[in-house]
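Peer 1: give me a 3D structure for the following:
(2 chains)
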There are 2 protein chains.
Amino acid sequence: MHIRNYREIQPEPTGVEGLTVRWGITASQGATNFSMRLLELEPLKSTPMHQHDSEHEIFVLVGRGEVVTEGAVYPIRDGSIIYVAPNEIHQFRNTGASILRMVDAVMFPSRIVK
Amino acid sequence: MHIRNYREIQPEPTGVEGLTVRWGITASQGATNFSMRLLELEPLKSTPMHQHDSEHEIFVLVGRGEVVTEGAVYPIRDGSIIYVAPNEIHQFRNTGASILRMVDAVMFPSRIVK
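Peer 2: The predicted structure follows:
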């Protein structure tokens, strides 16, 4: 058992301007399969279009934005549940005036089946 | 890519009085490793003490409650991030006057390594 409030966890830079991460559950808390983290994207900032081996399973806590794929743009807001498949090209955009805060679960690289 | 708002997903009974589940991401949305769901526990209701092969990785959206293990009681509230290890005996209690709503990620049984 490991319990913390996300507010106690320091946000860390991600290398993407305007995007920070708070690592909630990782191997340090005993996890062996997947991580749970908070992503926080500042107003009017976006991630690059990118892809990776792990799926995203996301719950949007607050904010308004979009998820962009190669063929579509999907609006997201508080309460949105987002599944991004492994290796699907995607971008997150904060289109609102306040932070876009999301709970994001991702597989450990060592547990990804290719 | 699959996106829905949790408010569009019907809550289903779980067999535990006062506890419902909204399945956000499952195999039906294309997931292959783990699920993301909403657990909603009514005021003053509790789950039984129980255990299962999958870990829980939980983010508390709203409400106040406790997680109980064999040796301890941990308060939880909005913003709490909870890791329950595989096969750890645990109970969730809503000690507040409003719903306890939690995002919960759990491994697919087929992907659990024993």
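
Peer 1: where does residue A:36 fall, secondary structure wise?
Peer 2: In this structure, residue A:36 sits in strand A:34-41 according to DSSP states H and E.

Peer 1: helices and strands around the helix or strand that that strand is followed by, which ones?
Peer 2: Next along the chain after strand A:34-41, taking DSSP H and E as the criterion, comes strand A:56-62. If you count contacts as 3 or more CB pairs under 8 Å, 6 or more residues apart in numbering or on different chains; DSSP states H and E, strand A:56-62 packs onto strand A:80-84, strand A:100-107, strand B:19-25, strand B:34-41, strand B:56-62. For every residue, glycine as well, the C-beta is placed using N, CA and C.

Peer 1: quick one: the fourth one near chain A?
Peer 2: Yes: using CB under 8 Å from any CB of the partner chain, strand B:34-41 comes into contact with chain A via B:34, B:35, B:36.

Peer 1: same list (those) but as a markdown table, adding neighbour count.
Peer 2: Shown next, in a markdown table, are the residues of strand B:34-41 next to chain A (neighbours: other CB atoms under 10 Å in any protein chain shown):
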| residue | neighbour count |
| --- | --- |
| B:34 | 24 |
| B:35 | 21 |
| B:36 | 28 |
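
Peer 1: ok, so of these, who is nearest chain A?
Peer 2: Chain A has its nearest neighbour among the residues of strand B:34-41 next to chain A in residue B:36, at 4.3 Å by CB to the nearest CB.

Peer 1: how far away is that closest one from residue B:112?
Peer 2: To residue B:112, residue B:36 is 16 Å away according to CB to CB, to the nearest Å.

Peer 1: and for residue A:76?
Peer 2: 30 Å.

Peer 1: who has more neighbours, the two?
Peer 2: residue A:76 (23 against 15; other CB atoms under 10 Å in any protein chain shown).

Peer 1: can you pull the pLDDT of the more buried one?
Peer 2: Reported pLDDT at residue A:76 in the predicted model: 98.

Peer 1: same question, residue A:114
Peer 2: Looking at residue A:114, its pLDDT reads 84.

Peer 1: so what's it closest to, chain neighbours aside?
Peer 2: What sits nearest to residue A:114 in space, not counting adjacent residues and going by CB to CB, 6 or more residues apart in numbering or on different chains, is residue A:53, at 7.0 Å.

Peer 1: okay, now that neighbour: neighbour count?
Peer 2: Residues near residue A:53, counting by other CB under 10 Å, number 12.

Peer 1: and what of residue A:98?
Peer 2: Neighbour tally, residue A:98, other CB under 10 Å: 11.

Peer 1: that one touches residue A:65, doesn't it?
Peer 2: No: using CB atoms under 8 Å, residue A:98 makes no contact with residue A:65, being 10.5 Å away.

Peer 1: how close does residue A:113 sit to residue A:41?
Peer 2: Distance from residue A:113 to residue A:41, counting by CB to CB: 29 Å.

Peer 1: more neighbours, these two?
Peer 2: Of the pair residue A:113 and residue A:41, residue A:41 is the one with more neighbours under other CB under 10 Å, namely 24 against 9.

Peer 1: roughly how far does that one sit from residue B:45?
Peer 2: Residue A:41 is 35 Å from residue B:45, by CB to CB.

Peer 1: same check, this time on residue A:111
Peer 2: Applying CB to CB, the value for residue A:111 to residue B:45 is 34 Å.
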